[in-house]
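[1] What follows is a predicted protein model with its sequence.
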Amino acid sequence: MSPSPASIPPAPADAGAPLYLERNYLNARRGLWSWLTTLDHKRIGVMYLVLTSAALFLGGIFAMLLRIELLTPGPTIMSALAYNRTFTLHGVVMIFLFMIPAIPGIFGNFFLPLMIGARDVAFPRLNLLSVYLYLTGAAIALYGMIHGGADTGWTFYTPYSTTTVTMVWPILLGAFVLGMGSIVTGLNFIVTVHTLRAPGIGFMRMPLFVWALYATSIIQVLATPVLGITLLLVAVENVFGFGIFDPARGGDPVLFQHMFWFYSHPAVYIMILPAMGAITEVLSAFARKNTFGYRAVAFSSLGIAFVGFFTWGHHLFTSGQSTVDAGIFGVLSMFVGIFTAIKIFNWTATLYRGSIAIRTPFIYVIAFLFFLLFGGMTGIALATVALDVHWQDTYFVVAHFHFIMVGGTVAGFLAALTYWWPKMFGKSYSERWGIVGATLIFLGFNFTFIPQFLLGNEGMPRRYYSYPVRFWPLNVASTAGASVLALGFLVVLATLLLSLKYGKPAGPNPWGSRGYEWKTLSPPPEGNFLTQPTYPRMPHDYDDLNPGRGGH
Amino acid sequence: MSAETEHKHAGPGRYVAVWIALLLFTALTVALGRSHLAGSWGLPVALAIAVVKSTLVVLFFMHLWDHGGANRLVLATALVFVALLIGLVLLDSATRFPLADPPTEATMRLMPPGPGAPPGVEPAAARP
């Protein structure tokens, strides 16, 4: 049952703490220059929040343009080439500028040191550099977009990407620079976790969001260089004429797909793993129960990171890859399902007999569980070679990966944002409007993408700007759903922004969470803690509220 | 730099010796490439020399020889993933259906005209 807000008891350590810390990291230094040169991980997190939210908004505009074009079977508002460019930009912006950097960049930067009792990340200057690499990569990619954009899709498959007349190069170069920022962030987090944990926080006492960030960082450091190498090989082939991907010169275009997906498939886990970590935190806080199976949840993150490297070939089932490889990759892909299922079962067990509080972040948790299960199960189906041959490049695939990447990553992002907002800015938002926004997003998302599963199953291919009349009703439904989804995002944006001005002070721990990051004041002071906290309990320990109900 | 991470590095003699070894291996790669002495083993031999050279760089210039534990584990993990990438890609090209391989004279006769024809072989449709 949902208790009233008053029934969430404050954590014992909060007694006597101010509701709003007047001199905090946001106002201890003033002026634009203090932001541009800041080494404070929390300010860097806020900068990522502004930048990636702008990217989400831009990618969302491209998405709405696509859906409006598909509202009627023929040309609606744009030409075929404009459509190709729009879906390419939608993919590039959403993946490289929002989903990969968002959760590690915002919440990783802000909360990783707070969660391990550190004053900052291990390399604060590298941290600032990562923001500037992001800005530079984004600026280069935007230059390409303004000067015509690319029409290759975000995957840049050769030989089309090397022969098209559209502006592929700036966008490729932008992705290369953004990748460097991603590596720097990953490296910083790995060293921070290894070297800056406060006394009392061993590896087996780290919050599970930190475990997820750690697994993500390993992927970022190991996989992202392959993207850089691939893009450099494309350049080498074009400049020096070596035959690498071009069959006319003895190269192999499928090799490009191998190398591209060797990065880009693990990149899916760069997007989803931090979301899973955030969901674990929120779920435990609102079920008021210890996370069931701490070790299983922690190690399944590493398991997903590891197995994620063995599955890239499932993107190449119909690209001319050998059937031997396809069979191997099909089986290996299903291992991801095992580790994901470990998480889902443990989350469900955490909810079991919990004192559940239905708040805005928790609605995103429920949405996330539904989306991940639905997207994951259709992923298992797509990893079956014989089925994938029929669904490849149809809307079934589009719906599947949107369920994982939008349903999973964006729901995790919004759960994290609404859960940690009071800590980041010290203000409470309107719970009523928060729930309205979350509900609109859940409904809008389903109305957008469930029709796309049906369209794909009926054979509608992706990346076409027109379609036969028989696909019309489902496309109208999808566009209507996308409009509701967009409205939901606007409601969330307005709710959060208005809270900055009109919101009541949140207090140090409005949710009564036992997470380590709530041990400091809201908003946190510049050095994170006025007095160094102690860590006598596990990070998700609600045993005193649930005697005899287990956990861990 | 903390005392824990500070290491005493070897003198310049070691680095000069490694540098000379790297130059010699580079010369060997170029010589073998020019002379075709290795025949069909040319590619594996060149790759083997490259592996030796990068091992020297990692061990001495990147100080893995002096550092143990986690640093070696990180390198070993990276090597596993490199082997994985190369292994599964090579397995793909080794087991592909013959028509998907780079075209030979026999398969070209079955193909429509287009780029990729080996010198001297005309695609079927281009014949009178």
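    Structure's in. What do you need?
[2] hang on, isn't A:Ile190 packed against A:Ile219?
    No: taking contacts as CB atoms under 8 Å, A:Ile190 lies outside contact range of A:Ile219: 10.9 Å. Placement of C-beta: from N, CA and C, glycine included.
[3] the more surrounded of the two?
    A:Ile219 (23 against 20; other CB atoms under 10 Å in any protein chain shown).
[4] Tell me the helices and strands packed up against the helix or strand hosting the more buried one.
    Using DSSP states H and E, the element containing A:Ile219 is helix A:208-240. In terms of contacts (3 or more CB pairs under 8 Å, 6 or more residues apart in numbering or on different chains; DSSP states H and E), helix A:208-240 is packed against helix A:109-115, helix A:160-163, helix A:168-195, helix A:253-287, helix A:294-307, helix B:70-95.
[5] Would you mark the buried spots in it?
    For helix A:208-240, the neighbour count (16 or more other CB atoms under 10 Å in any protein chain shown) marks A:208-224, A:226-228, A:230-231, A:233-234, A:237 as buried.
[6] How about stretch A:195-207?
    A:Leu196, A:Arg197, A:Ala198, A:Ile201, A:Arg205, A:Met206, A:Pro207.
[7] Mind exporting the C-alpha coordinates of it to CSV?
    The C-alpha trace of stretch A:195-207 is given here as CSV (Å, rounded to 0.1, in the frame of the first residue of the first chain):
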residue,chain,number,x,y,z
THR,A,195,41.3,4.5,-4.8
LEU,A,196,38.9,6.9,-3.1
ARG,A,197,36.4,4.7,-1.2
ALA,A,198,36.0,6.0,2.4
PRO,A,199,36.9,3.8,5.3
GLY,A,200,34.1,1.3,5.9
ILE,A,201,33.1,1.1,2.2
GLY,A,202,34.6,-2.1,0.9
PHE,A,203,33.8,-3.4,-2.6
MET,A,204,31.0,-5.6,-1.1
ARG,A,205,29.5,-2.5,0.6
MET,A,206,29.4,-0.2,-2.4
PRO,A,207,26.0,1.0,-3.4
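[8] what's that stretch in contact with?
    The contact list for stretch A:195-207 (CB atoms under 8 Å, 6 or more residues apart in numbering or on different chains) reads A:113, A:115-118, A:121-122, A:193, A:214, A:281, A:294-295, A:298, A:515-517, A:532-536, A:538-540.
[9] let's see it at 6 Å
    With contacts defined as CB atoms under 6 Å, 6 or more residues apart in numbering or on different chains, stretch A:195-207 is touched by A:Met115, A:Ile116, A:Gly117, A:Ala118, A:Ala122, A:Tyr516, A:Tyr535, A:Pro539.
[10] Mind picking the two most distant members of these?
    The two members of the contacts of stretch A:195-207 with the most space between them (CB to CB) are A:Ala122 and A:Pro539, at 20.4 Å.
[11] Low-confidence ranges, chain B, go.
    Applying pLDDT under 70 to chain B flags the ranges B:1-10, B:97-128.
[12] Residue ranges of each domain in it, please.
    Using automatic domain parsing, the domains assigned to chain B come out as B:8-67, B:68-111.
[13] so which of these comes closest to chain A?
    Nearest to chain A, of all the domains of chain B, is domain B:68-111, at 4.1 Å by CB to the nearest CB.
[14] hang on, the earlier thing: next, format the helices and strands packed on helix A:208-240 as TSV and append distance to B:Tyr15.
    Formatted as TSV, these follow (distance: least, CB to CB, whole Å):
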stretch	distance to B:Tyr15
helix A:109-115	37
helix A:160-163	40
helix A:168-195	25
helix A:253-287	33
helix A:294-307	36
helix B:70-95	19
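[15] right, and those - which one's nearest A:Phe374?
    Taking the helices and strands packed on helix A:208-240 one by one with CB to CB, helix A:253-287 is closest: 13.9 Å.
[16] Run through the helices of chain B in chain order.
    Secondary structure of chain B by DSSP state H: the helices cover B:12-35, B:42-56, B:70-95, B:105-108.
[17] Same check on the stretch 51-200 of chain A?
    Applying DSSP state H, counting those that start in this stretch to the stretch 51-200 of chain A gives helices spanning A:80-92, A:100-103, A:109-115, A:124-146, A:160-163, A:168-195.
[18] Pick the most deeply packed of those.
    Mean neighbour count, computed with mean count of other CB atoms under 10 Å in any protein chain shown, is highest for helix A:100-103 among the helices of the stretch 51-200 of chain A, reaching a mean of 29.
[19] tell me which strands and helices that helix is in contact with?
    In terms of contacts (3 or more CB pairs under 6 Å, 6 or more residues apart in numbering or on different chains; DSSP states H and E), helix A:100-103 is packed against helix A:253-287.
[20] quick one: the helix it packs on to helix A:168-195, angle?
    Orientation check (axes from the mean of the first three to the mean of the last three CA atoms, to 10 degrees): helix A:253-287 against helix A:168-195 gives 50 degrees.
[21] ok now helix A:253-287, how far from the chain's centre?
    Put simply, helix A:253-287 sits 7 Å off its chain's centre (CA atoms, centre = their mean, to the nearest Å).
[22] so what does it touch, helix or strand wise?
    With contacts defined as 3+ CB pairs under 6 Å, 6+ apart, the secondary structure elements packing on helix A:253-287 are helix A:100-103, helix A:208-240, helix A:294-307, helix A:323-351, helix A:360-382, helix A:411-425.
[23] Make a markdown table from these and add mean pLDDT and distance to A:Ile270 to it.
    As requested, those are arranged in a markdown table below (pLDDT from 0 to 100; distance: least, CB to CB, whole Å):
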| stretch | mean pLDDT | distance to A:Ile270 |
| --- | --- | --- |
| helix A:100-103 | 96 | 5 |
| helix A:208-240 | 90 | 5 |
| helix A:294-307 | 93 | 9 |
| helix A:323-351 | 94 | 14 |
| helix A:360-382 | 95 | 16 |
| helix A:411-425 | 97 | 13 |
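[24] ok, residues contacting stretch A:328-345?
    Under the criterion CB under 6 Å, 6+ apart, residues A:296-297, A:300, A:303-304, A:307, A:310-311, A:313-314, A:376, A:380, A:383, A:385 lie in contact with stretch A:328-345.
[25] Nearest to A:Phe489, out of these: which one, please.
    Nearest member of the contacts of stretch A:328-345 to A:Phe489, counting by CB to CB, is A:Gly376, at 23.8 Å.
[26] who's in contact with the closest one?
    Listed by CB under 6 Å, 6+ apart, the contact set of A:Gly376 reads A:Thr340.
[27] same thing with the one 4 residues further on?
    With CB under 6 Å, 6+ apart as the criterion, the residues that contact A:Ile380 are A:Met334, A:Gly337.
[28] Kindly report the same for the one 3 residues further on.
    With contact set as CB under 6 Å, 6+ apart, A:Ala383 has these partners: A:His314, A:Gly330, A:Ser333, A:Met334.
[29] Which residue, neighbours along the chain excluded, lies closest to it?
    Leaving out its chain neighbours, the residue that sits closest to A:Ala383 by CB to CB, 6 or more residues apart in numbering or on different chains is A:Ser333, at 3.8 Å.
[30] Does B:Asp92 touch A:Gln321 like I think?
    Yes: assessed by CB atoms under 6 Å, B:Asp92 is found in contact with A:Gln321 at 5.3 Å.
[31] Tabulate the contacts of A:Ala383 (a markdown table), appending neighbour count.
    Formatted as a markdown table, the contacts of A:Ala383 follow (neighbours: other CB atoms under 10 Å in any protein chain shown):
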| residue | neighbour count |
| --- | --- |
| A:His314 | 23 |
| A:Gly330 | 20 |
| A:Ser333 | 25 |
| A:Met334 | 15 |
